[in-house]
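J.: Got a predicted model here, sequence first, then my questions.
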Amino acid sequence: MDIKPIKTEADFDRALTMIDRLMGAAPDTREGDDLEVLVTLVEAYESERWPIDAPDPISAIEHVMEARGFRQKDLAALIGSQPRASEVLNRQRPLTLAMIRALSAEWNLPADLLVREYELATAR
């Protein structure tokens, strides 16, 4: 098999076709090794071509709440009050360092994600 770096969309399509043919190859065989190399090349190309940015802090909090079945009252208990939780989720109040520490410690959210800048809602 002729495996080359992926530099163009045509190379990318060719690699995907080759991966389709090799799916199910046994590990530690020539075909299995070829599949592993191709998948690595495709992942590298995709991450360079179509990077995915980390979510903003509020989107991350909303995702965790949805995924874990948390409600606004759970956030309120963690950061101080129901109105404060509402303001944070509605982007009317920024996260404070104390809130970030609590979310990081209790919900295992990465602090570096929570300290990212994000837009607050503008006053109407």
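T.: That came through fine.
J.: now the helices for the chain?
T.: Along the chain, counting by DSSP state H, helices occupy 9-22, 30-49, 57-68, 72-79, 82-89, 97-107, 111-114.
J.: other SSEs contacting the third one?
T.: On a contact count with 3 or more C-beta pairs under 8 Å, 6 or more residues apart in numbering; DSSP states H and E, helix 57-68 meets helix 72-79, helix 82-89, helix 97-107, helix 111-114. Every C-beta, even on glycine, is put in place using the N, C-alpha and C of the backbone.
J.: tally of neighbours for the closest residue to Ala76 other than its chain neighbours?
T.: Ranked by C-beta to C-beta, 6 or more residues apart in numbering and with sequence neighbours excluded, the top spatial neighbour of Ala76 is Ala85, at 3.9 Å. Per other C-beta atoms under 10 Å, the neighbour tally for Ala85 reads 22.
J.: Contact partners for Ala85?
T.: 72-73, 75-76, 79 (C-beta atoms under 8 Å, 6 or more residues apart in numbering).
J.: Which segments of this protein make up each domain?
T.: Listed domain ranges for the chain are 9-49, 57-114 (source: automatic domain parsing).
J.: so can I have CSV of these showing mean pLDDT and distance to Thr122?
T.: Shown next, in CSV, are those (pLDDT from 0 to 100; distance: least, C-beta to C-beta, whole Å):
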stretch, mean pLDDT, distance to Thr122
domain 9-49, 95, 34
domain 57-114, 96, 9
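J.: quick one: the residue nearest to Ala76 and Ala121, what's the gap?
T.: Distance, Ala85 to Ala121, by C-beta to C-beta, to the nearest Å: 15 Å.
J.: same thing with Asp56?
T.: Taken as C-beta to C-beta, the span from Asp56 to Ala121 is 13 Å.
J.: which one of the domains of the chain has the most crowded surroundings?
T.: Greatest average neighbour count among the domains of the chain goes to domain 57-114 (a mean of 15), per mean count of other C-beta atoms under 10 Å.
J.: now it, how far from the centre of its chain.
T.: 17 Å (C-alpha atoms, centre = their mean, to the nearest Å).
J.: how long is that domain end to end?
T.: 5 Å (C-alpha to C-alpha, to the nearest Å).
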